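Visitor: Build me a model:
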Amino acid sequence: TEKVRGILTHALNRMFSVILAKKLASTNEKARLFEITNRELKEAKVSLERASREKIDELTSHHKALYRRLKSILDREITPMRNEITDPAGVTRLNKVLGALEPLLHGFETHKDIRKSRVLLLEDDINEQINAKMSLGGTGVEYQVCTTRDEAKEVISKEKFDIICLNDHFVDLIGAVKQHQPDTQFVFVTSEPIAEHFKTLKDHPELSTILARHPEDRGFTIKNMATTIQKLSSDDIFGMEKYLSWGTEPIDVTVTDSAQRSDVLTKLETYIDSLGIRGPLKRKAVKVAEELLMNAIYDAPTDPDGKSLYNHHDRAVAIELKPEEYAQFRYACDGNFLAISVVDRFGALDRSTILDYLARCFSESVGTSVDGKGGGGNGLYQIIQSSSLTVFNVKPKHTTEVIALLNINVQIEKISLHPSFHYFEKRS
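Guide: A predicted model of the protein is given here:
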């Protein structure tokens, strides 16, 4: 019995050894094949990544070449035609072409420029710090936040920034920045009523960009901060498209005379009706449009010395603009905002003029004429008071663009509580 048990144990051990050996051999073979496959996959991945990079580089190169070619055509051929075409219909068609091309080209240039910019935010309000971080975090811009004056002083003394955004608690640091960084652009940011800061703004002309924002409209604040940095980084400040959803196409009208106002406003009302906008918001939009048209016809045109040509006339007097005095009236809606703008070729509505007008208006001097200006800024005040946001884009002695944005998704009473405006001045 003992002998049989030994034979059986030996046989079972041998059988187990054979089975185990076969299993190990099979496992080793699988491991070998897996290693080979894994190596081949890695080699294929490297090849695909190399091919992908090469293809991306090729596409990017073609992309850049295409944009450079389009920009060359736009700058050398199409844009100069603005001063050559006098027919209103031709001007309108030309502006439609420019309107289609410029967003593509500027979007490409802006994407490159913003990644090269360094931004410093001097902000001691925790909520605004969060808003700024959310706004700038997805833009690709390099930014830093300082929450105290001591921290700001130390950072400014050691590092250079292209753009510095600050509130009224940090304005006295501007002088120190200018000594070491004379090309830095400053953005004054406040959620308080702008009337509280007129003296600060007048005392610091370096604050060439002003963002007066609504304290409760967090989403709009976040979007506009990113838009502001993009505009300043690219030095491309013009265009209502920057404030609207991508793909929104404005309606463009060439303004040639005062008799045109009625027809333009009627068409605007029809457009607003088609959007389903009614009541107080519609009335405010039409009022804003009328004020913008009046400004373009009576206030904007100036002679070579900067003297107004028509604003001494009563607004009932018919004015026929010369071709070089034509303005562009535009409007669009992206489902969130109704945007209305006017662009003139004179650039006379500068920073100091706007601040002087608003200071008088907020001090209840509306309608007082100063320096021969009809209305004393009353129209400007009405535009700001009626809009969720008013944007002034100015290239002095060259171009002024006023954009009024009306939020169609909020109660109309909220808009009038805390009107916001932005001011941008093109450096070159």
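Visitor: Could you pull up phi and psi at V343?
Guide: For V343, the backbone dihedrals (degrees, to the nearest 10) come out as phi -120, psi 130.
Visitor: Surely it is in contact with R330?
Guide: Yes: if you go by C-beta atoms under 8 Å, V343 and R330 touch, sitting 7.4 Å apart. In this view, the C-beta of every residue, glycine as well, is placed from N, C-alpha and C.
Visitor: out of those two, which sits in the more crowded spot?
Guide: V343 (24 against 21; other C-beta atoms under 10 Å).
Visitor: Report pLDDT for that one.
Guide: V343 carries a pLDDT value of 96.
Visitor: how close does it get to E192?
Guide: Distance, V343 to E192, using C-beta to C-beta, to the nearest Å: 30 Å.
Visitor: quick one: the strands in the stretch 1-150 of the chain?
Guide: 118-122, 142-146 (DSSP state E, counting those that start in this stretch).
Visitor: do you know which of those lies nearest T256?
Guide: Between T256 and those, the shortest separation by C-beta to C-beta is 41.9 Å, and it involves strand 118-122.
Visitor: which one of the strands of the stretch 1-150 of the chain has the most crowded surroundings?
Guide: strand 118-122 (a mean of 23; mean count of other C-beta atoms under 10 Å).
Visitor: For that strand, which strands pair with it and how are they oriented?
Guide: Its sheet considered, strand 118-122 pairs with strand 142-146 (parallel), strand 163-166 (parallel) by DSSP bridges.
Visitor: pLDDT (mean, whole number) over that strand?
Guide: The average pLDDT for strand 118-122 rounds to 91.
Visitor: what's next to that strand, contact-wise?
Guide: Applying C-beta atoms under 8 Å, 6 or more residues apart in numbering, the contact partners of strand 118-122 are 129, 132, 136, 141-146, 152, 155-156, 159-167, 169-170, 173, 229.
Visitor: how about the CA coordinates for it, as PDB?
Guide: Output in PDB follows, covering the C-alpha atoms of strand 118-122 (Å, rounded to 0.1, in the frame of the first residue of the first chain):
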ATOM      1  CA  ARG A 118       1.700  89.400 -19.300                       C
ATOM      2  CA  VAL A 119      -1.100  90.800 -17.200                       C
ATOM      3  CA  LEU A 120      -1.000  92.000 -13.600                       C
ATOM      4  CA  LEU A 121      -4.200  92.300 -11.700                       C
ATOM      5  CA  LEU A 122      -4.200  94.500  -8.600                       C
END
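Visitor: How far off centre is that strand?
Guide: In terms of C-alpha atoms, centre = their mean, to the nearest Å, the centre of strand 118-122 is found 17 Å from the chain centre.
Visitor: circling back to that earlier point, relative to D252, which of the strands of the stretch 1-150 of the chain is closest?
Guide: strand 118-122 (32.9 Å).
Visitor: Compare the strands of the stretch 1-150 of the chain and give me the one nearest L321.
Guide: Judged by C-beta to C-beta, the one of the strands of the stretch 1-150 of the chain that comes nearest to L321 is strand 118-122, at 40.7 Å.
Visitor: measure the residue nearest to L173 when sequence neighbours are not counted to A176 for me?
Guide: Of all residues not flanking L173 in the chain, A152 sits nearest, at 5.9 Å (C-beta to C-beta, 6 or more residues apart in numbering). Applying C-beta to C-beta, the value for A152 to A176 is 9 Å.
Visitor: More neighbours: which of those two?
Guide: A152 (25 against 13).
Visitor: mind checking how far the one helix or strand the more buried one maps to is from the chain centre?
Guide: Assigned by DSSP states H and E, A152 belongs to helix 149-158. When C-alpha coordinates are averaged (C-alpha atoms, centre = their mean), helix 149-158 and its chain have centres 28 Å apart.
Visitor: Against which helices or strands is the top helix by length along the chain packed?
Guide: Longest helix in the chain by number of residues (criterion: DSSP state H): helix 2-73. In this structure, helix 2-73 makes packing contacts with helix 88-116, judged by 3 or more C-beta pairs under 8 Å, 6 or more residues apart in numbering; DSSP states H and E.
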